[in-house]
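can't give you the sequence, but here's the structure:
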């Protein structure tokens with residue numbers, strides 16, 4: 001997580017006590033790891049930004065699964081994600 005990341009709040013995992021920061025995906029840098037839910041085991045990598053266009057729709061970030069290179073998500077820039085707090 002970069003120094004310029006704007007942390008909205010901090011939450012603790014309910015079962016194992018890990019601490020996560022909640023941030024908007026737009027504040028992460030390309031290549032940063034994150035989770036979509038606090039209890040999720042799946043981690044994603046924030047990839048490139050797709051600008052808004054008339055063929056593909058709204059602007060979004062491409063995010064790939066760390067364990068399955070063929071699984072890709074497209075998330076709005078305002079989506080809240082969980083990043084491990086160090």
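Received it, and whenever you're ready, just let me know what you need. Please read these numbers as outputs of a predicted model, since none were measured by experiment.

can you give the contact residues for the helix or strand bottoming out on mean pLDDT in the chain?
Every helix and strand of the chain was ranked by mean pLDDT, DSSP states H and E. The lowest is strand 7-12, at a mean of 83. The contact list for strand 7-12 (C-beta atoms under 8 Å, 6 or more residues apart in numbering) reads 18-24, 38, 80, 82, 85. Just so you know, the C-beta spots here come from the backbone N, C-alpha and C atoms, and that holds for glycine as well.

list the buried residues in the next helix or strand after that strand.
Helices and strands here follow DSSP states H and E; after strand 7-12, the next one along the chain is strand 19-24. By 16 or more other C-beta atoms under 10 Å, the buried positions in strand 19-24 come out as 20-21, 23-24.

strand 19-24: partners in the sheet, and parallel or antiparallel?
strand 7-12 (antiparallel), strand 80-84 (antiparallel) (DSSP bridges).

can you give me the pLDDT of residue 71?
Note on residue 71: pLDDT of 92.
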